[in-house]
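1. show me how the following folds:
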Amino acid sequence: MNSRLSIISSLICIIILSCLLVIFKVDQSKINGQANELTLELNKKKKELQQVKETQQRKFLKQARKSNNVNERMSAEQILASQELSTQANKFFGIVTTFDSQKDWLNREKKVQSLVTPNVLLNKSIFNNGLDNTGRSIIETTKSHASFKTATTQSAMTKNNQIEGIVHVVYEAWQDNHTSGIRTEVYQVKYSLLEHKFTDIQDLGMENQEADISYQK
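-> Just a heads-up that it's a prediction; the model follows:
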């Protein structure tokens, strides 16, 4: 009898523990779900706040450009020019350093036409047919890929409606059978504030090279 009661008691304990475990898992899942929702909502609010700040800043700078104070006007124009250069650099290099095929490589030239003057497209260190000496696609042969991350711009003072700068372009590069790596390439650029286009872009070389990628530009 005692043995049977002991077994029954043990079974009851197991059932209770199982129920508690199920309840705990359900509660934990609910907590995780709520935490994810709060994180998404917080990120959304941060983004909205940043947009408001940027809008207010642009409004202030536009007003400052009309100021009778020469220093205030020049400062506003310099800030706006630097911002435009940074924005356009991210657009340009976002296209140039992103590709997965030979077709992507060739289409880069068409995609950036609205961002550059014609002479920039003649720069063979950036725009070329992507073929080796035998006429084969380097990208297709080596199965190379690249994905843009970000571009950080350091700009000089504006002069004659033009602004120059140094751009550090960070992108990820990899081959199908190789580990990906992060590259930072440095460019010197000239940008027309009248045409709103890059008038010259020169590749100054790699800042670092972690990936073993053999494609050529």
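2. what is whichever helix or strand residue 173 is part of packed up against?
-> Element membership for residue 173, per DSSP states H and E: strand 162-175. Contacts defined by 3 or more CB pairs under 8 Å, 6 or more residues apart in numbering; DSSP states H and E place strand 162-175 against helix 70-96, strand 144-155, strand 181-192, strand 197-209. C-beta coordinates here come from the backbone N, C-alpha and C atoms, glycine included.
3. give me that answer again for 6 Å
-> helix 70-96, strand 144-155, strand 181-192 (3 or more CB pairs under 6 Å, 6 or more residues apart in numbering; DSSP states H and E).
4. would a markdown table of those with distance to residue 111 be doable?
-> Formatted as a markdown table, the helices and strands packed on strand 162-175 follow (distance: least, CB to CB, whole Å):
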| stretch | distance to residue 111 |
| --- | --- |
| helix 70-96 | 5 |
| strand 144-155 | 12 |
| strand 181-192 | 17 |
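5. want to throw these into a markdown table with distance to residue 103 and mean pLDDT?
-> Formatted as a markdown table, the helices and strands packed on strand 162-175 follow (distance: least, CB to CB, whole Å; pLDDT from 0 to 100):
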| stretch | distance to residue 103 | mean pLDDT |
| --- | --- | --- |
| helix 70-96 | 14 | 90 |
| strand 144-155 | 13 | 95 |
| strand 181-192 | 22 | 95 |
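6. including mean neighbour count and distance to residue 137, could those go into a markdown table?
-> A markdown table is the format used below for the helices and strands packed on strand 162-175 (neighbours: other CB atoms under 10 Å; distance: least, CB to CB, whole Å):
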| stretch | mean neighbour count | distance to residue 137 |
| --- | --- | --- |
| helix 70-96 | 17 | 17 |
| strand 144-155 | 18 | 10 |
| strand 181-192 | 18 | 20 |
